[in-house]
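Asks: Everything below, folded, please.
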Amino acid sequence: MKKSPRLIAVKILNQVEERGGFAESLLDEILSTDLLTNPPDRRLLTQIVYGTLRMRGHLDWIIRKFYRRSFASMDPITKNILRTGLYQLQFMERIPEFAIVDEAVEISKNLHPAGSGLVNAILRNAIRGKNNITYPELEKDTPGHISAVYSHPLWMVKRWLKNFGTDETIALCRANNETPPITLRVNRLKANRENVKRELIRLGFTVRETAFSPDGIAISGVPIPLKQITLYTQGFIHVQDEASQLISRLVDPKPGTAVLDICAGIGGKTTHLAELMGNRGSILATDISEAKLLALKKNTERLGVTITSTRADDATRDMGETFHGIFNGILVDAPCTGLGTLRRNPEIKWLSSRKDVTQCAATQRKILNTATTYLKKGGRLVYSTCSTEPEENEKVIEDFLSQHRDFACIHPSNTIHSRLVDSHGYFRSFPHHHGTDGFFAAVLERKR
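Replies: I've put the predicted structure just below:
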């Protein structure tokens, strides 16, 4: 069973659960090898991993209905075998039920022989009883219903019901369970969107222009691995969600100026800032992870960006007087819970907890307070997160402004589509409203 996509899917899910890893990087690691060379097998692996993670709460509800003991005491390997089997039975067509059960049992014999009988029994009982599975009623137990049917943790659902209401919470959960488009940013230093579109169509991709980002292209019907095409290897495109592409535009960096990108990661926004500057000026990209900065350097080389330098730093600590008041623009892409990216990173649902929101907010406040010392008078600082939670977003900004009278929150004016700006001048995007990841940003200006 070494090359079975279903077996590999279970192993990836085990790693996600045991080590808190991200499915994307684990999948990339497998798909970059010749372990699975058949395109249908590669697609099946990806679908099972992401589909099982998105619908895990729903699948666990069903398992509990057919398991007479404590679900919490079931070993994790058996859980993931059952989840992948049930996902295929519930949400995938054209695969015979007996084949799904048989292979799940074989996987159990391979990974955890003691659980094979249980896997066989629960999956067969689920097939026989699939029309008799009941869920909490929406009117009587709204949080329980949404959690079980739309597969989100109960604590998360309760938060969103309080913040957004029932209809919005259901719509958001539904959107989080959809497969997001692959979105590309065209590198304006090397190409324009029209030429890239034509080449992608020639290669067999289905393409459309993004609704809000003038640099974006959404693709589907991927005929060949994206990172193998010349457009990618030669740096004409970069993979980046549409909402993420808009954050650099909020900074509105000018050619020839000095920009600081704090918590730059692997450089998606850093390289976009450089492109908007026409590759003229300077950008200092900082991050606590040297591995991410190494990946950032590789991305700048691929995209032809030459104005960046990097520095490994803890963003909560002052870099020193040398850097005080020297930058025209600063981007604080703050570390956050990532609850706006659940379409792309569904594992976050199951790896997060209530306390993460509070802990992230505390770190975000420290980073923002430290970042202000680096900004020139009249300069612009953009604070952004990929979170839906007020504690990480507007409450951080409100608290900051109450303590920094020399800063004002300004309207982003013409740098962004008006549909994405609320009455307070905050940038907001949501999967169920805009078809993008969930982002927040505030544009802060230091008074002269």
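Asks: Before we go further, residue 442 is sitting in a strand, right?
Replies: Yes - counting by DSSP: H, G, I helix; E, B strand; the rest coil, one finds residue 442 located in a strand.
Asks: show me what contacts it?
Replies: 382, 383, 384, 393, 394, 397, 409, 425, 426, 427 (C-beta atoms under 8 Å, 6 or more residues apart in numbering). (C-beta placed from N, C-alpha, C; glycine too.)
Asks: Name the residues linked to the closest residue to the last one other than its chain neighbours by a beta bridge.
Replies: If you skip the residues right next to it in sequence, residue 427 has residue 441 as its closest partner in space, 4.0 Å away by C-beta to C-beta, 6 or more residues apart in numbering. When bridges are called by DSSP bridges, residue 441 pairs up with residue 384, residue 427.
Asks: Number of residues surrounding residue 441?
Replies: Applying other C-beta atoms under 10 Å, we find 28 other residues in the vicinity of residue 441.
Asks: Could I get the full set of helices for the stretch 51-200 of the chain?
Replies: Remark: helices assigned in the stretch 51-200 of the chain by DSSP state H, counting those that start in this stretch are 56-66, 76-91, 97-111, 116-128, 142-150, 154-164, 166-176, 193-202.
Asks: sorry, back to before: next, format the contacts of residue 442 as CSV and append pLDDT, neighbour count and distance to residue 238.
Replies: Formatted as CSV, the contacts of residue 442 follow (pLDDT from 0 to 100; neighbours: other C-beta atoms under 10 Å; distance: C-beta to C-beta, whole Å):
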residue, pLDDT, neighbour count, distance to residue 238
382, 98, 24, 19
383, 98, 27, 23
384, 98, 26, 18
393, 98, 25, 26
394, 98, 17, 29
397, 98, 21, 28
409, 96, 17, 29
425, 94, 14, 28
426, 97, 19, 26
427, 97, 23, 21
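Asks: Can you tell me which of those is closest to residue 44?
Replies: residue 384 (35.7 Å; C-beta to C-beta).
Asks: picking that back up, how about the contacts made by the residue nearest to residue 427?
Replies: Residues in contact with residue 441, defined by C-beta under 8 Å, 6+ apart, are 247, 250, 382, 383, 384, 385, 426, 427.
Asks: Any chance of TSV for the helices of the stretch 51-200 of the chain, columns distance to residue 19, mean pLDDT and mean neighbour count?
Replies: Formatted as TSV, the helices of the stretch 51-200 of the chain follow (distance: least, C-beta to C-beta, whole Å; pLDDT from 0 to 100; neighbours: other C-beta atoms under 10 Å):
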stretch	distance to residue 19	mean pLDDT	mean neighbour count
helix 56-66	17	97	20
helix 76-91	12	97	23
helix 97-111	16	96	18
helix 116-128	23	97	17
helix 142-150	25	98	20
helix 154-164	22	98	17
helix 166-176	23	98	19
helix 193-202	35	97	15
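Asks: right, and these - which one's nearest residue 241?
Replies: Among the helices of the stretch 51-200 of the chain, helix 166-176 sits nearest to residue 241 (C-beta to C-beta), with 13.5 Å.
Asks: Check which helices and strands the closest one sits against.
Replies: helix 142-150, helix 154-164, helix 431-434 (3 or more C-beta pairs under 8 Å, 6 or more residues apart in numbering; DSSP states H and E).
Asks: for the record, mean pLDDT for the shortest one?
Replies: In this model, helix 431-434 has a mean pLDDT of 97.
Asks: Distance from it to the middle of the chain?
Replies: Distance of helix 431-434 from its chain centroid, counting by C-alpha atoms, centre = their mean, to the nearest Å, is 14 Å.
Asks: Tell me, how many residues neighbour residue 361?
Replies: Residues near residue 361, counting by other C-beta under 10 Å: 22.
Asks: Please save the CA atoms from stretch 320-335 in PDB.
Replies: Taking Å, rounded to 0.1, in the frame of the first residue of the first chain, the C-alpha atoms of stretch 320-335 are listed here in PDB:
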ATOM      1  CA  GLY A 320      17.700  50.200  18.100                       C
ATOM      2  CA  GLU A 321      18.000  54.000  17.600                       C
ATOM      3  CA  THR A 322      19.600  53.500  14.200                       C
ATOM      4  CA  PHE A 323      16.200  52.600  12.800                       C
ATOM      5  CA  HIS A 324      14.100  55.200  14.600                       C
ATOM      6  CA  GLY A 325      12.100  57.600  12.400                       C
ATOM      7  CA  ILE A 326      13.700  56.600   9.100                       C
ATOM      8  CA  PHE A 327      11.000  54.800   7.200                       C
ATOM      9  CA  ASN A 328       8.400  56.400   5.000                       C
ATOM     10  CA  GLY A 329       6.100  53.400   5.100                       C
ATOM     11  CA  ILE A 330       5.700  50.400   7.400                       C
ATOM     12  CA  LEU A 331       3.700  47.200   7.000                       C
ATOM     13  CA  VAL A 332       3.000  45.300  10.200                       C
ATOM     14  CA  ASP A 333       1.600  42.000   9.000                       C
ATOM     15  CA  ALA A 334       0.900  40.800  12.500                       C
ATOM     16  CA  PRO A 335       1.100  37.200  13.600                       C
END
